[in-house]
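Undergrad: sequence and predicted model, in that order:
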Amino acid sequence: MRQLPIPGVFATRWQQKFETFCDDKRGIAAVEFALIAAPFFFLIFGLLEVCVIFIMSSILEHAASEAARQIRTGQLQNSGLADAAMETSFRDDVCDELFGLMSCDTRLKTDVQVFADFSATGSSPALAFDGSTGDLDNSCFGFSAGGQNQIVVIRVFYEWDLIIPVMSAPLANMSNNRLLLQSTVAFRNEPFGNSGSGGPGNPAGC
């Protein structure tokens, strides 16, 4: 740069200013940070979102597993409650294990079904979404705790609101920037001496 002559009357003065400008290193760190700021923050907030999702998924897995023990051991079936009351009790057990990090409102949905054998558990009602709202369609969900030695599959769903709008859009699988979290527990009930209620199969029409 220094060897390039600048013709004209003010050649020397302009050349001196140009050399001074080229030699000025002030603010270079700010410029460099501005160039990498967008991908840097995208990476940081993206990692934060993924970490939160992983933690919430683990909590939901824990809650489903702990609540399932009431069914597997027959404690819920032998409580003398009606099916609707047992479903409410099971839901409350799930909520108690969420450590207050998830709201036990309409975003929490459960499905408990009895199957003839483990190979049939793949016939659980498929997930369906309401096309108009983007919400989970739980019309095929039911509750059947089963009796002793019966195979039970428990599915717990939670519609998690993603923290970071726009940036988290690729992670959302529901409308309004939400992600559906799911936990599934399959087991055979213990021989607790109660035939229980509800036979194998999914709700009618599902």
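TA: Perfect, thanks for sending it. It should be emphasised that the depicted structure is a prediction, and the values quoted were computed from it without experimental measurement. Residues are numbered from 1 along each chain as shown.
Undergrad: now for the spatially most central residue of the chain: which residues touch it?
TA: With distances taken as CA atoms, centre = their mean, the residue of the chain nearest its centroid is residue 181 (3.5 Å). By CB atoms under 8 Å, 6 or more residues apart in numbering, residue 181 lies in contact with 53, 56-57, 60, 157-160. Any C-beta I mention is one placed from the backbone N, CA and C, and that applies to glycine too.
Undergrad: just the element for it, please.
TA: strand 178-188 (DSSP states H and E).
Undergrad: buried residues, that strand. List them.
TA: Buried residues in strand 178-188, counting neighbours by 16 or more other CB atoms under 10 Å, are found at 178-183, 185, 187.
Undergrad: and of those residues, the nearest to residue 136?
TA: Nearest to residue 136 among these: residue 180, at 6.2 Å, using CB to CB.
Undergrad: which residues does the closest one contact?
TA: Contacts of residue 180 (CB under 8 Å, 6+ apart): 127, 136, 157-160, 173-174.
Undergrad: which SS class is residue 139?
TA: What DSSP: H, G, I helix; E, B strand; the rest coil gives for residue 139 is coil.
Undergrad: the contacts of residue 181 in strands, which ones?
TA: The strands, defined by DSSP state E, take in 157-160 from the contacts of residue 181.
Undergrad: of these - the most surrounded one?
TA: Sorting these by how many neighbours each has (other CB atoms under 10 Å) puts residue 158 first, at 25 neighbours.
Undergrad: my guess is that one meets residue 102, correct?
TA: Yes: assessed by CB atoms under 8 Å, residue 158 is found in contact with residue 102 at 5.8 Å.
Undergrad: quickly list what's touching both of the two.
TA: Between them, residue 158 and residue 102 share the contacting residues 56, 60, 108, judged by CB under 8 Å, 6+ apart.
Undergrad: what pairs with residue 178 across the strands?
TA: residue 161, residue 174 (DSSP bridges).
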